[in-house]
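Undergrad: Kindly return the folded structure for what I paste below:
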Amino acid sequence: MARHFEIFWRFLVLGCFSFGGPAAHLGYFRTAFVEKLKWIDDAEYAKLIALSQFLPGPGSSQVGFALGLQKGGLLGGMAAFVGFTLPSFLLIFFASTLLSQTDSVWLQGLIHGLKLLAVVVVADATLGMAKNFCQTTYTQAIAVFTAVALLAMPNLWLQLVLLGFAAAVGSIWLAPNTPSASVANTSRQTNAKNTARFGFVSLALFFVLLLGLPLVAQYDPWLNLFSDFYQSGSLVFGGGHVVLPLLQQTVGEALSTDRFLLGYAFAQAVPGPMFTMATFLGAEVMPQQAWLGALVATLAIFLPGFLLVLACHKAWQALANRPRIAGAVVGVNASVVGLLLAALYSPVFISAVGSPVDFAAVVVGFFVLRVVKPPILVLVAGFACVGMLL
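TA: Down below sits the predicted model:
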């Protein structure tokens, strides 16, 4: 129980200041769980990122869920999700009330400072992962090609194509000569057999809900709400801003464009995953029971991504030890470095740095993070103060 509480607490702290979108979240996770706490090494962490890139749903939240899953089983995954999502859920739900009672100048300054911190964290994560996963000419070329392509033509489908291309290149030219020793570990093989059934049940539940909910949703407004947001979470690759068109279709005429854009603004202004915009929309669609509407919509939009992680996590860990698959993972890891590099510029850098003073703060923050290496909360407090002063 203490372990699960620790998982919840660690992710709750991260959920309170994880501004900057999915790329920044991955940077925060790496700093906390790879570098500081050493719950997982860079190679295993990269496998989780690679898995999340190929599954629909909120990518960074899926990585967080998988981290909790590896540390504390299913309850650990749930603790990670609740901890990371709870701050943004509460902030968005109470956003209109809180903002009307808060000095907007100080609030905007605080958000600005934390966005500058996100630039520092993503830059640090990109550099750290590049050192580990771009050590050969092939991997460096894959990373550069991915970054250049996405900077020139930012597009979700291009991102998926680039990841597939990197996997193909890796499986052909980057496969190790011998399989990992962990493949021969009989205890892991036995454990894999025990977890295979659970993975199958998760995958079956994903499809049963995806195909079955629309058939029964018409008979109850709450089932309809759950079904609509579950469909949105099941059909989005890339997460973040990509979910917006589907969410707008989901609420349809039940919500005006102005109210929808207000919810989008709230989701951008708070830390944590963009998918918690469902919190605002659920409360708006069910105003008589706003708390319940927000909760149902939020759980529904995250559930499909987590079911897929549960279904694929163990199989992915086993497959990643096979030479061809291991080579594909190497290629994908290099491509992810390119994705982070492109994300470092857009949206992270361009949405945060608007003046030479902003950039100076980023340079100083990067130096402090890399050389002084203070606790992350010290950096959060420092950048919050800098933002409000600016």
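
Undergrad: For the residue nearest to T136 when sequence neighbours are not counted, give me its contacts.
TA: Nearest residue to T136, sequence neighbours excluded (Cβ to Cβ, 6 or more residues apart in numbering): L174, at 7.7 Å. In short, each C-beta sits where N, CA and C put it, glycine included. Contacts for L174 (Cβ atoms under 8 Å, 6 or more residues apart in numbering) come out as 136, 138-139, 327, 330-331.

Undergrad: quick check: longest helix of this structure.
TA: helix 59-93 (DSSP state H).

Undergrad: how near is the residue of the chain positioned farthest from its centre to L213?
TA: For the chain, the residue at maximal distance from the C-alpha centroid (Cα atoms, centre = their mean) is Y219, at 33.8 Å. Relative to L213, Y219 is positioned 11 Å away (Cβ to Cβ, to the nearest Å).

Undergrad: ok, now E284?
TA: Taken as Cβ to Cβ, the span from E284 to L213 is 21 Å.

Undergrad: R3 now?
TA: 34 Å.

Undergrad: In terms of neighbours, single out the busier of these two.
TA: A count of neighbours by other Cβ atoms under 10 Å puts L213 above the other of R3 and L213, at 18 against 13.

Undergrad: Now for the closest residue in space to the more buried one that isn't next to it in sequence, how many residues are close by?
TA: Spatially, and ignoring its direct neighbours in sequence, L213 is nearest to S227 (3.8 Å; Cβ to Cβ, 6+ apart). By other Cβ under 10 Å, the residues close to S227 number 22.

Undergrad: Backbone dihedrals for S227, both of them.
TA: Per-residue torsions, S227: phi -60, psi -40 (degrees, to the nearest 10).

Undergrad: Three-state assignment for W39, please.
TA: coil (DSSP: H, G, I helix; E, B strand; the rest coil).

Undergrad: contacting residues around the nearest residue to it once chain neighbours are set aside?
TA: Nearest residue to W39, sequence neighbours excluded (Cβ to Cβ, 6+ apart): F33, at 4.5 Å. F33 is in contact with 10, 39-40, 45, 67, counting by Cβ under 8 Å, 6+ apart.

Undergrad: cool, P56 as well?
TA: P56 makes contacts with 233-237, 304-305, 308, as judged by Cβ under 8 Å, 6+ apart.

Undergrad: now those residues in TSV, with neighbour count, pLDDT and secondary structure?
TA: Converted to TSV, the contacts of P56 look like this (neighbours: other Cβ atoms under 10 Å; pLDDT from 0 to 100; DSSP: H, G, I helix; E, B strand; the rest coil):
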residue	neighbour count	pLDDT	secondary structure
G233	28	89	helix
S234	22	87	helix
L235	13	76	coil
V236	24	73	coil
F237	16	64	coil
P304	26	95	helix
G305	25	93	helix
L308	23	93	helix
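
Undergrad: returning to that earlier point: of all the contacts of L174, which two lie farthest apart?
TA: The most widely separated members of these are T136 and G327, with 11.8 Å between them, by Cβ to Cβ.

Undergrad: which one of the two has more residues nearby?
TA: G327 (20 against 13).

Undergrad: now the helix or strand hosting the more buried one: mean pLDDT?
TA: For G327, the host element (DSSP states H and E) is helix 323-343. Here helix 323-343 scores 86 as its mean pLDDT.

Undergrad: That one to helix 59-93, inter-axis angle?
TA: 40 degrees (axes from the mean of the first three to the mean of the last three Cα atoms, to 10 degrees).

Undergrad: tell me which residues in the helix or strand that helix 323-343 is followed by are buried?
TA: Per DSSP H and E, the first helix or strand lying C-terminal to helix 323-343 is helix 350-352. Within helix 350-352, the residues that qualify as buried are 351-352, counting by 16 or more other Cβ atoms under 10 Å.

Undergrad: cool, stretch 259-279 as well?
TA: Buried, per 16+ other Cβ under 10 Å, within stretch 259-279: 260, 262-264, 266-279.

Undergrad: what pLDDT does the closest residue to A267 other than its chain neighbours get?
TA: Nearest residue to A267, sequence neighbours excluded (Cβ to Cβ, 6+ apart): M277, at 3.9 Å. The per-residue pLDDT reported for M277 equals 88.

Undergrad: which element is M277 on?
TA: Counting by DSSP H and E, M277 is found in helix 277-285.

Undergrad: roughly how far is that helix from the heart of the chain?
TA: 20 Å (Cα atoms, centre = their mean, to the nearest Å).

Undergrad: Show me the contact partners of that helix.
TA: 88-89, 92-93, 95, 225, 229, 232, 243-244, 247, 250-251, 254-255, 259-260, 262-264, 266-267, 290-291, 293-298, 300-301.
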